[in-house]
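Novice: Got a predicted structure plus its sequence, pasted below:
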Amino acid sequence: MGTDLPRLLPFCLCLASTLCGAEELRWGYSPSNGMPYAESIDHELAPGFIRDLGETVGQRLGLEVRFVETPDKRAESALAQGAIHLLCINNPQWMNAPEKLHWSPRLFEEEDALAQRADSAPLEDFSRMDGVRIGTSLGYVYPAPLMQAFADGHAKRADVRDLDTRLHMLEAGRLDALIDMRRPLEFLLAQHRNLPVAISRNNVQRYSIHCSYGPALPLNPERLDALLQAMVDDGSIQRLLGEQTARLRQRR
């Protein structure tokens, strides 16, 4: 009996932990995404789509998930170096070397929309702007006509750290318009109905949202692909997005 104890001890310790032998899944998130996707409070991820998605994936895979705040400008290097294993709310066009990452199936569609003060004339032709100051996201590449307008000086690009700041700059007249993802724009304006801001019904550009995995991902990427695809197919992804709208109503 005494000789068997040393061999049994690791086995017993393993049974005592559901995560025995499993690595944590370091799930990056960008504070700039905003709600309903992500909100950072004291550098901790608050309830939102990314947290709900990460916790669901972790439970189904039997992995512990740790959420890591990752600014946009550090996202690519963090994935490459293994500081984070994956990042969602991402698109290959936003990365300098997307071919070095593994890309998940499409989770859902998103679009960039233009917002202006409600009392302003709608901006519809980027080539005819004259000194218009537009609030943008640092490092983001926009459609060719708008990028050309920035290059020619017809429009002035103003990179602002977050959507909430851009909205209040727009309200104060320090910006003529801003561009951001439609869902976060609508979510924030629903919280601040007194802001005199209107969102254009037209989109600036439309794109697919994916997760990107770095080379240090602690599981087979095809396994994670299959899980995310199943969540798309059975409607789980859309339900998680919809739950954020319900949370917003409860706050109000």
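Specialist: Looks like it arrived, so ask away. Note that the coordinates shown come from a computational prediction; the quantities given were computed from them, not determined experimentally.

Novice: my read is residue 206 is in a strand, agree?
Specialist: Yes. Read with DSSP: H, G, I helix; E, B strand; the rest coil, residue 206 is one of the residues of a strand.

Novice: Hmm, it is touching residue 108, no?
Specialist: No. Counting by C-beta atoms under 8 Å, residue 206 stays clear of residue 108, with 11.4 Å between them. Using the backbone N, CA and C atoms, a C-beta is placed for each residue, glycine as well.

Novice: of those two, who's got more company?
Specialist: residue 108 (15 against 11; other C-beta atoms under 10 Å).

Novice: Chain neighbours aside, what residue packs nearest to that one?
Specialist: Of all residues not flanking residue 108 in the chain, residue 209 sits nearest, at 5.5 Å (C-beta to C-beta, 6 or more residues apart in numbering).

Novice: sec struct for that neighbour, please.
Specialist: Judged by three-state DSSP, the three-state class of residue 209 is strand.

Novice: now do residue 96
Specialist: coil.

Novice: Next, count neighbours for it.
Specialist: For residue 96, using other C-beta under 10 Å, the count is 8.

Novice: Residue 184 too?
Specialist: So residue 184, with other C-beta under 10 Å, has 23 neighbours.

Novice: ditto for residue 124
Specialist: Residue 124 has 9 nearby residues by other C-beta under 10 Å.

Novice: Now do the contacts for it.
Specialist: residue 202 (C-beta atoms under 8 Å, 6 or more residues apart in numbering).

Novice: Phi, psi for it please.
Specialist: phi -120, psi -20 (degrees, to the nearest 10).

Novice: repeat for residue 100
Specialist: Dihedral angles for residue 100 - degrees, to the nearest 10 - are phi -90, psi 0.

Novice: mind listing what it touches?
Specialist: 80, 215.

Novice: And the pLDDT at it?
Specialist: We have a pLDDT of 97 for residue 100.

Novice: What's the separation between it and residue 215?
Specialist: 8 Å (C-beta to C-beta, to the nearest Å).

Novice: Please enumerate residues in contact with the helix or strand encompassing residue 185?
Specialist: Assessed by DSSP states H and E, residue 185 sits inside helix 182-191. Residues outside helix 182-191 that contact it (C-beta under 8 Å, 6+ apart) are 33-37, 110-113, 115, 163-164, 167, 195, 197, 199, 203, 241, 244-245, 248, 251-252.
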